[in-house]
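Participant: Below: sequence and its predicted model.
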2 protein chains.
Amino acid sequence: MNGVRGGQSLSGFPEWSPAQRWVEIRMLDRLRDTFELHGFSALSTRAVEPLSQLLRKGETDKEVYVLSRLHDDAAQVDAAADDRLGLHFDLTVPFARYVGENAGRLTFPFKRYQIQPVWRGERPQDGRFREFVQADIDVVAADVLPDHYDVDLPLVIIEALRRLDVGDVVVRTSNRRLTEGYLSGLGIEDTAGALGAIDKLAKIGPAAVAQLLEAGGVAAAQSQACLAYAALRGPRAIDDAIALARRHGAATEMFSDGVARVRALLDAAAEAAPGAVEADLSIARGLDYYTGTVYETTLVGHDDLGSICSGGRYDDLATANGVTYPGVGLSIGVTRLLSRVFRSGVQASRDVATCVLVAVDSEASRPISDQVARALRARGVPADTAPSAAKYGKQIRHADRLGIPFVWFCGADQSDPSETEHVAARQPLVGEIRDIRSGDQVSADASTWTPPDIDRWPSITVQGVVTAGSRDSGKVRA
Amino acid sequence: MNGVRGGQSLSGFPEWSPAQRWVEIRMLDRLRDTFELHGFSALSTRAVEPLSQLLRKGETDKEVYVLSRLHDDAAQVDAAADDRLGLHFDLTVPFARYVGENAGRLTFPFKRYQIQPVWRGERPQDGRFREFVQADIDVVAADVLPDHYDVDLPLVIIEALRRLDVGDVVVRTSNRRLTEGYLSGLGIEDTAGALGAIDKLAKIGPAAVAQLLEAGGVAAAQSQACLAYAALRGPRAIDDAIALARRHGAATEMFSDGVARVRALLDAAAEAAPGAVEADLSIARGLDYYTGTVYETTLVGHDDLGSICSGGRYDDLATANGVTYPGVGLSIGVTRLLSRVFRSGVQASRDVATCVLVAVDSEASRPISDQVARALRARGVPADTAPSAAKYGKQIRHADRLGIPFVWFCGADQSDPSETEHVAARQPLVGEIRDIRSGDQVSADASTWTPPDIDRWPSITVQGVVTAGSRDSGKVRA
């Protein structure tokens, strides 16, 4: 390649620095670990789907990226839309397609987690990207999905998010049956349109929602009843909703069913994780085709970020050979969460895993330095040899710039540099190790020397608190 | 979503089953672990690049996927090619672009690993996909890249591949300076064209290569000298190349420089990993713009698969602000390797991580089963509760279908089922655990019971040999 010049990065396509990437990796490891401990299968689907799959919901508010091959001729590009491929805009559509295709080979209920990038050609803004990573968990059953999964899944998500050390989270929940039952009880015919309007409450405020509703043919009294309902949140929300429904004659059978379902969920969640799940009747999940429970998740103190984890229950995630597959799931917006985490000053202690940089006396003695590094790695200590046999000061500065805490000097007798190589050749694994942060230097044997746990891997600092590095999942299990 | 029906999967876009995905995850974990132990930074770049970047080499044999937004109007789609985005077809182009953009923020030499999918709109065939995962390591320096990295990187790759337990691998190497020095010594002017022809040797055979060369204006005697050179492989290859060059008067200065470089690499590699690196002068890496060492890697016994890991040295991976950044790197074709590994019968012991399925006596006592599962997870034992309080036989069959080895029964006294719930309520963590493979059932306490190591996570079977599960990296380091 004849030289690539520095250019501008692309808006909406975030790229983390190597140190930030450590934070992301640790986060993804912990998510994965939690999901696996809870019995979710690992799944990864291709990045592309036929447009016919991506658009089969009929309408979507997601901007789809369509692919064409550079060397295709124009005739092929203009081929029927159904044959063209697009990048998936979420992980639910591909999962539904996967379940439909593989129903005969899967054991139901099928629990899977899936952590992959997705793409949307939207206008980038704070917390909204064109390429971003989602971490989804879903469970899908053949014919009937037991209700306990509506409780289980948000609890897994809460456990997963808590293990990320990013601060408190609250899962807010409602139920489409509750809201649709109320809306139809009010006499509103276009309940889907009303749900879409209510869904915009946090973004555009109550006056604009009322306008939207009334523009859709909803009478002023009804639209006020909608707003009163959508304002309900917290421990009294369901009682208040019942009172409201009675007052407006909107306590339909569907509404009552919704009440029972939300209450069962809130009661079970309160027992297992007090304070982590609360009712929020403004949640409607606009254009998504949920049919029961819906969820959104707030990072406490960061309401402006929007939901960091959303989802709900579908009665018909997929159908195949006459069988319907209902499902419930949630999706963590990993990139959105990370973008805020980085802004809050979370950082990794270094750019590389390397814990020890082994100094090189001369290119001729590099094999001795390599031997020391090998001995350290054999015991799980990330180690590298210096790039060149520069002066020690320069080698130490290289370690310092990367944040590597220790530098190893080969040869036991540093007092007589002319002897270093000879000593090293006799006892290659014996040398001296310097903590370049403190300057402390001691004799050590590379076959036994072990760094403090906190230094072995890059550590993560969250609001002044240093936590262990990216490979701590093994310890949790020890 | 109103029901997704089973469809056909897309040729060239492989999707692994959940059990296969465990094998892939274990493989990626081990690669990552090896790269991190050796001091490579973690890097992930966006999936898209401007077409101007993807095509800046001037010509490419890679079929690029170009993106357009579904709702773009025709005028935008027809915009200047430079503004359009394409999916990256390898991880080298994005890495070069990243280095150019971030040179001021990076510490050189910069070592990074990158594991991501790439896309090529090629005709799918055995071992060739349209979407596949690559695992790359590269080191890039400002101005001068020390020669020892040409040795270090293939050694890291060999260590990484050996830890995958997929069989023996051999890194074959040559040097562009050796080959170009020889070709120009023969009097061939279009050395690039001749390199491209030689590169096809394994695919099309010597007669067709000779035809290609001669069609490009190379005399018959010269083309025979090219073929004699490209046939050299193994311990005597360099000596034979020198003899050949002398005979044809092709021992140019560049050729001699190439001899010294290949020999230094082979000598150092022979010391560190005997038998793992050998000379193969047919390696030219056709359209790739390497300038020195080149590598390909064979999975022994699977020559037909092609190279599973290729790379080389670029003298100008990137330039920024007048500084040139030379680099050397290798790229493992993870998906290609996996496709063969699966065909060889490698498999995971189960579809889910779950080691214990906790049976549920009744929906009313589900909280007790949940409590047992939590106690097991708290000590790193993947556990799940049964989907429903069906008859025990059905719950056991569910575990069996998923390959879950153990089923837990709540309640200490299984002899009197009517007492089970009461007993469980008093001592919720005491129960009985059955190994459903042997039928053995014993009393156990969920706060202390521990499965055999081999069962804790899904294990991988390679040619009849069972190895530990996907989370063994912690153990390697313990």
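Facilitator: Here it is on my side, so go on.
Participant: Which residues of the stretch 101-250 of chain A lie near chain B?
Facilitator: With CB under 8 Å from any CB of the partner chain as the criterion, the stretch 101-250 of chain A meets chain B at residues A:101-103, A:105, A:107, A:109, A:111-112, A:117, A:119, A:121, A:131, A:141, A:146, A:148. All C-beta spots, glycine's among them, are computed from the backbone N, C-alpha and C.
Participant: Please list only the buried members of these.
Facilitator: Under a neighbour-count criterion of 16 or more other CB atoms under 10 Å in any protein chain shown, the subset of those counted as buried comprises A:101-103, A:107, A:109, A:111-112, A:117, A:119, A:121, A:131, A:141, A:146, A:148.
Participant: Select from those residues every entry located in strands.
Facilitator: Counted as lying in strands by DSSP state E, out of those, are A:111-112, A:117, A:119, A:131.
Participant: Where is pLDDT lowest across the buried ones among the residues of the stretch 101-250 of chain A next to chain B?
Facilitator: Summarising pLDDT for those: the lowest-scoring member is residue A:121, with 89.
Participant: For it, what are phi and psi?
Facilitator: Here the main-chain torsion angles of residue A:121 (degrees, to the nearest 10) amount to phi -80, psi 40.
Participant: need the contact list for it.
Facilitator: Contact analysis of residue A:121 by CB atoms under 8 Å, 6 or more residues apart in numbering or on different chains lists A:63-65, A:130, B:69-71.
Participant: Most neighbours among those, which one is it?
Facilitator: Highest neighbour count within the contacts of residue A:121: residue A:65, with 28 neighbours (other CB atoms under 10 Å in any protein chain shown).
Participant: Would you list the phi and psi of it?
Facilitator: Taking degrees, to the nearest 10 as the convention, residue A:65 sits at phi -90, psi 130.
Participant: Was I right to think it contacts residue B:65?
Facilitator: No: the pair residue A:65 and residue B:65 fails to qualify as a contact (CB atoms under 8 Å) at a distance of 9.9 Å.
Participant: which residues touch the one helix or strand residue A:209 maps to?
Facilitator: Following DSSP states H and E, the helix or strand that holds residue A:209 is helix A:206-215. Here helix A:206-215 makes contact (CB under 8 Å, 6+ apart) with A:194, A:197-198, A:200-201, A:204, A:220, A:222-224, A:226-227, A:230-231.
Participant: For that helix, list every residue counted as buried.
Facilitator: Counting neighbours by 16+ other CB under 10 Å, one finds that the buried residues in helix A:206-215 are A:206, A:209-210, A:212-213.
Participant: residues contacting residue A:107?
Facilitator: Under the criterion of CB under 8 Å, 6+ apart, the contact partners of residue A:107 comprise B:351, B:398, B:401-402.
Participant: Over to residue A:352?
Facilitator: For residue A:352, the residues meeting the contact criterion (CB under 8 Å, 6+ apart) are A:18, A:382, A:384, A:402-404, A:458, B:39-41, B:111.
Participant: all strands in the stretch 251-400 of chain A, in order from the N-terminus.
Facilitator: For the stretch 251-400 of chain A, the strands defined by DSSP state E, counting those that start in this stretch cover A:277-279, A:293-299, A:309-320, A:323-333, A:347-348, A:356-358, A:383-385.
Participant: one step back: quick check, nearest of the buried residues of helix A:206-215 to residue A:237?
Facilitator: residue A:206 (16.6 Å; CB to CB).
Participant: do you know how far the closest one is from chain B?
Facilitator: Here the criterion is CB to the nearest CB, to the nearest Å. By it, residue A:206 lies 30 Å from chain B.
Participant: quick one: pLDDT of that residue?
Facilitator: Among the per-residue scores, residue A:206 shows a pLDDT of 95.
Participant: What separation do you get for it and residue A:224?
Facilitator: Noted for residue A:206: a distance of 9 Å to residue A:224, by CB to CB, to the nearest Å.
Participant: Among the contacts of residue A:107, the buried ones, what's the PyMOL command?
Facilitator: The following PyMOL command selects only the buried members of those, with burial defined by 16+ other CB under 10 Å:
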select buried, chain B and resi 351+398+402
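Participant: Which of the contacts of residue A:107 fall in helices?
Facilitator: B:398, B:401-402 (DSSP state H).
Participant: Go back to the residues you listed and keep what's next to chain A.
Facilitator: B:398, B:401-402.
Participant: Closest one of those to chain A?
Facilitator: Within the set of these, residue B:401 lies nearest chain A; the separation is 4.5 Å, counting by CB to the nearest CB.
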